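**Student:** Here's my sequence, what's the structure:
(chains A and B)
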There are 2 protein chains.
Amino acid sequence: MNVLLVYAHPEPTSLNGSLRDFAVQRLEAAGHTVQVSDLYAMNWKAILDADDSPERDTSRPFHTSLDSKIAFAQGTQAADIAREQEKLRWADTLILQFPLWWFSMPAILKGWVERVYAYGFAYGVGEHSDARWGDRYGEGTLQGKRAMLMVTAGGWESHYSPRGINGPIDDLLFPIHHGTLYYPGFDVLPPFVVYRTSRMDEARFAQTCEALGARLDELWSTRPIAFRQQNAGDYRFPDLTLKDEIAPDREGFAAHLR
Amino acid sequence: MNVLLVYAHPEPTSLNGSLRDFAVQRLEAAGHTVQVSDLYAMNWKAILDADDSPERDTSRPFHTSLDSKIAFAQGTQAADIAREQEKLRWADTLILQFPLWWFSMPAILKGWVERVYAYGFAYGVGEHSDARWGDRYGEGTLQGKRAMLMVTAGGWESHYSPRGINGPIDDLLFPIHHGTLYYPGFDVLPPFVVYRTSRMDEARFAQTCEALGARLDELWSTRPIAFRQQNAGDYRFPDLTLKDEIAPDREGFAAHLR
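**Tutor:** Numbers count the residues shown, from 1 in each chain, chains lettered A, B, ... in the order given. The predicted structure follows:
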């Protein structure tokens, strides 16, 4: 299998760097092929702007989605964007690895998503009408591939529990899991999260690697998070709310789980 | 009053640009002083890295929080970071204005948060022990100031409703409201959100400005979101979960509302 690991940490000798090295070795030892997009090492351009559509019509103002659409359709996107899209097409599984900064992904990784997720590639795919809202949320360009987050957090696991002060980790990650990975078609696996990173010693690191290794060994058989497909009958069109008879007593993120 | 508007859109002639201009005029006409941090126009450095601590000890690896702490304490942070912190100290109210990209803020604004929110400024403030978890979540450097999001979204309002497919807007914004604004002490006002931005005509734009104007006129009297202060008795230490008797039947983001 082909695994793309997109890695967002500035310091190679960090805990994240060690976990990345472990993950690559483990996957390769199992016979898989791994590509790493090390965003800091690549000096990845984090900011979506007009330079991403270098041949755009400059007689009108820059428009984020329209210029993305034209550049993608015409094959005139910035070369770094096209390269990452090619890696995504190649991959069977995508791993996004990052430290949780302010309860989300680092800016450099957010900018990878914004730029690589072109109109026509990750959104604006398929028929868009009041009857069918495109191929998204379970369908799309990346359908059939798997994705998983590898996340480190400074806080304690209890702080991210259902009644923990930071909010439950599954809810904090929902905009990424559902809105960023499931949206263009990925099957999303439960995340691998390491808490309390400042209290990492050799014994805990060994335990962490063991747990991570087990997850990587099961990457192909782990059951994905059971998000509801947009176009499979659970939602009303065009308001895209759950039909009254679907999980009638639920609302919020959890209502979108089968 | 002093208002800092941090603005994150690449195109000045966009809807966001027009709403920003309207907001600045409205606030100034009411006698307030406004500073705008136009992140794209400033060519804001989005990526947190070792260059943010230019005088750091290079004999050891870069450490994101430790080097931030030292640079902040010694006054050796990168100049652009120190300038934005000064604007935050000056401001009575902070407005973050951005298009919702992949259900969160644009990378350039995320990078503003990551870099300006130094250790000792926005986190790592106050006594940290197993009995008191620092001045955060309602206390901290920015306590007594107000903050509000001004957000544009392409989707329909129903898509962001309690049973809408994207998830409820209040939950999608929780990591920003609670985890990024309430965390260092801001009182967080309900957001101003504009939906379905591709269907904006003159009449709707006029309506939108009217609604925004009303919100800006009431910036000083609007009741903030009633998040629970960390150190006011609702949480158990050090696991920082809600005490059993506090909202005993609730969990998730909503449990952190009084």
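
**Student:** Do you have the helices of the stretch 101-250 of chain A handy? List them.
**Tutor:** A:107-116, A:169-176, A:202-217 (DSSP state H, counting those that start in this stretch).

**Student:** so can I have TSV of these showing mean neighbour count and distance to B:Ile70?
**Tutor:** Just so you know, the C-beta spots here come from the backbone N, C-alpha and C atoms, and that holds for glycine as well. Formatted as TSV, the helices of the stretch 101-250 of chain A follow (neighbours: other Cβ atoms under 10 Å in any protein chain shown; distance: least, Cβ to Cβ, whole Å):
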stretch	mean neighbour count	distance to B:Ile70
helix A:107-116	25	22
helix A:169-176	24	29
helix A:202-217	14	25
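
**Student:** Tabulate these (JSON lines), appending mean pLDDT.
**Tutor:** JSON lines is the format used below for the helices of the stretch 101-250 of chain A (pLDDT from 0 to 100):
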{"stretch": "helix A:107-116", "mean pLDDT": "98"}
{"stretch": "helix A:169-176", "mean pLDDT": "98"}
{"stretch": "helix A:202-217", "mean pLDDT": "98"}
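
**Student:** Which of those sits closest to B:Ile165?
**Tutor:** Among these, the nearest to B:Ile165 by Cβ to Cβ is helix A:169-176 (12.2 Å).

**Student:** ok, the closest residue to A:Trp102 other than its chain neighbours - contacts?
**Tutor:** Computed as Cβ to Cβ, 6 or more residues apart in numbering or on different chains, the closest residue to A:Trp102 that is not its neighbour in sequence is B:Thr180, at 5.0 Å. Listed by Cβ atoms under 8 Å, 6 or more residues apart in numbering or on different chains, the contact partners of B:Thr180 are A:Trp102, A:Phe103, B:Val113, B:Tyr117.

**Student:** now the last one: how far from chain A?
**Tutor:** I take that to be B:Tyr117. Counting by Cβ to the nearest Cβ, to the nearest Å, the gap from B:Tyr117 to chain A is 7 Å.

**Student:** That residue contacts B:Phe186, doesn't it?
**Tutor:** No: with contact defined as Cβ atoms under 8 Å, B:Tyr117 and B:Phe186 do not form a contacting pair (11.7 Å).

**Student:** Looking at A:Ala131 now. What's its pLDDT?
**Tutor:** At A:Ala131, the model reports a pLDDT of 72.

**Student:** surely it meets A:Phe237?
**Tutor:** Yes: with contact defined as Cβ under 8 Å, A:Ala131 and A:Phe237 form a contacting pair (5.8 Å).

**Student:** if we can go back for a sec, make a markdown table from the helices of the stretch 101-250 of chain A and add distance to chain B to it.
**Tutor:** Below are these laid out as a markdown table (distance: least, Cβ to the nearest Cβ, whole Å):
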| stretch | distance to chain B |
| --- | --- |
| helix A:107-116 | 3 |
| helix A:169-176 | 4 |
| helix A:202-217 | 16 |
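
**Student:** I'd like the ones you listed laid out as JSON lines, including distance to A:Gln230.
**Tutor:** Formatted as JSON lines, those follow (distance: least, Cβ to Cβ, whole Å):
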{"stretch": "helix A:107-116", "distance to A:Gln230": "19"}
{"stretch": "helix A:169-176", "distance to A:Gln230": "15"}
{"stretch": "helix A:202-217", "distance to A:Gln230": "28"}
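
**Student:** And these: which comes nearest B:Pro190?
**Tutor:** Smallest distance to B:Pro190 across the helices of the stretch 101-250 of chain A (Cβ to Cβ): 19.0 Å, for helix A:169-176.

**Student:** now A:Pro248: how far from A:Gly164?
**Tutor:** Separation of A:Pro248 from A:Gly164 (Cβ to Cβ, to the nearest Å) stands at 28 Å.

**Student:** Which one of those two is surrounded by more residues?
**Tutor:** A:Gly164 (22 against 11; other Cβ atoms under 10 Å in any protein chain shown).

**Student:** Contact partners for the more buried one?
**Tutor:** Listed by Cβ under 8 Å, 6+ apart, the contact set of A:Gly164 reads A:Ser158, B:Asp239, B:Leu240, B:Thr241.

**Student:** of the residues you listed, buried ones?
**Tutor:** A:Ser158, B:Leu240, B:Thr241 (16 or more other Cβ atoms under 10 Å in any protein chain shown).

**Student:** where does the first one land on pLDDT?
**Tutor:** It stands for A:Ser158. 98.

**Student:** wait, what's in contact with A:Ala147?
**Tutor:** Per Cβ under 8 Å, 6+ apart, neighbours of A:Ala147: A:Thr93, A:Leu94, A:Ile95, A:Leu96, A:Leu181, A:Phe186, A:Asp187, A:Val188, A:Leu189.

**Student:** show me what contacts the residue nearest the centre of chain A?
**Tutor:** Taking Cα atoms, centre = their mean, the centroid of chain A lies closest to A:Leu181, which sits 4.4 Å from it. Counting by Cβ under 8 Å, 6+ apart, A:Leu181 touches A:Leu94, A:Leu96, A:Ala147, A:Val188.

**Student:** before we move on, which element is the residue nearest to A:Tyr40 when sequence neighbours are not counted in?
**Tutor:** With sequence-adjacent residues excluded and distances taken as Cβ to Cβ, 6+ apart, A:Tyr40 is closest to A:Pro10, at 4.8 Å. Assigned by DSSP states H and E, A:Pro10 belongs to no helix or strand.

**Student:** C-alpha coordinates for stretch A:231-247, CSV please?
**Tutor:** The C-alpha trace of stretch A:231-247 is given here as CSV (Å, rounded to 0.1, in the frame of the first residue of the first chain):
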residue,chain,number,x,y,z
ASN,A,231,-26.2,11.7,-0.8
ALA,A,232,-27.3,8.4,0.7
GLY,A,233,-30.8,9.4,1.9
ASP,A,234,-30.3,10.8,5.4
TYR,A,235,-30.4,14.5,4.5
ARG,A,236,-33.1,16.7,3.1
PHE,A,237,-32.3,18.8,0.1
PRO,A,238,-31.4,21.6,-0.4
ASP,A,239,-31.3,22.6,3.2
LEU,A,240,-29.1,19.7,4.0
THR,A,241,-30.4,19.0,7.4
LEU,A,242,-31.1,15.5,8.7
LYS,A,243,-34.5,14.2,7.9
ASP,A,244,-36.9,14.3,10.8
GLU,A,245,-37.0,10.5,11.1
ILE,A,246,-33.1,10.2,11.2
ALA,A,247,-31.8,10.3,14.8
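
**Student:** Outside of it itself, list whatever touches it.
**Tutor:** Stretch A:231-247 is contacted from outside by A:130-133, A:135, A:137-139, A:228, A:230, A:255-256, B:155-156, B:158-159, B:161, B:163-166, using Cβ under 8 Å, 6+ apart.

**Student:** And for stretch A:60-74?
**Tutor:** A:48-50, A:52-57, A:76-78, A:118-121, A:123-124, B:10-11, B:13-14, B:99, B:154.

**Student:** can you rerun that using 6 Å?
**Tutor:** With contacts defined as Cβ atoms under 6 Å, 6 or more residues apart in numbering or on different chains, stretch A:60-74 is touched by A:Ala50, A:Ser53, A:Arg56, A:Gln77, A:Ala118, A:Tyr119, A:Gly120, A:Phe121, B:Glu11, B:Thr13.

**Student:** Now, these that are in strands?
**Tutor:** Among those, no member falls in strands (criterion: DSSP state E).

**Student:** just the buried members of those residues?
**Tutor:** Neighbour-count burial within these applies to A:Ala50, A:Ser53, A:Arg56, A:Gln77, A:Ala118, A:Tyr119, A:Phe121, B:Glu11; the criterion is 16+ other Cβ under 10 Å.

**Student:** All set now, cheers.
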